[in-house]
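>>> return atomic coordinates for the entry below.
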Amino acid sequence: MEPGSSIEYYKDFNKDRKVWLSGNSLFEVFKRKESPFQVHINDAFIEVKGTCFLVKQENTDLCEVTLFKGKVEFNIQSTQQTKEMFPSQKLIYNSANSQTQIESITNINWENGKYTFKDIPLNQLIEFINQKYDSDIVLKATHIQQSSFSGNIRHDEKIDEVLYKICYSLNLNKKEEGSKIIVY
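Have a look, this model is predicted:
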């Protein structure tokens, strides 16, 4: 779970595996037929089938669900719509009008506790890292924004280790300016 996020659940979670999420969190869920797992957000919920996915809620109306492995169903309570998601897909949900959009993601994969990136544009990777670590990393030079990264980042890896790996592989430098980290 990311800083500033919160989760609520019933006292007897093992019998009723439902959580209410405010903010952003990565879930890795193991399948249990007798006790399905649900993540409630706004006026919708995600029915989990045994999987790994990321929920991102940057404001009250928009929610993104990125599925790395397995399968989930996204359920909109107000319209009774259900959207089935498969690996390497991102669903964007607008609760203001109950609209959903599904996009394919091809350059991020999740397996065995690590993210694998394949030719991900550097600005997209930095956006991902900023969201995951609640950091403020800024790309300084325009020419490096066209760079791309291929490699792995463990889920539990510290941000300093991640930045070292990126800077080393792309021949970049970093410096701290207050709360910002500048990559150049």
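>>> please make it C-alpha for all contacts and neighbour counts, starting now.
OK.
>>> what number of residues lie near the nearest residue to Asn24 once chain neighbours are set aside?
The shortest distance from Asn24 to any non-neighbouring residue, by CA to CA, 6 or more residues apart in numbering, is to Lys56 (4.5 Å). Neighbours of Lys56 under the rule other CA atoms under 10 Å: 21.
>>> my guess is Lys56 meets Glu64, correct?
Yes. Counting by CA atoms under 8 Å, Lys56 does reach Glu64; the two are 5.1 Å apart.
>>> thinking again about what came up before, where's the residue nearest to Asn24 relative to Pro36, distance?
The gap separating Lys56 from Pro36 is 21 Å, by CA to CA, to the nearest Å.
>>> can you read off the pLDDT for Phe74?
Here, the pLDDT recorded for Phe74 equals 94.
>>> please name the nearest non-neighbouring residue to it.
Closest residue to Phe74 in three dimensions, ignoring its sequence neighbours and counting by CA to CA, 6+ apart: Ile46, at 4.6 Å.
>>> who touches the one you found in this structure?
Applying CA atoms under 8 Å, 6 or more residues apart in numbering to Ile46 gives the contacts 38-40, 72-75.
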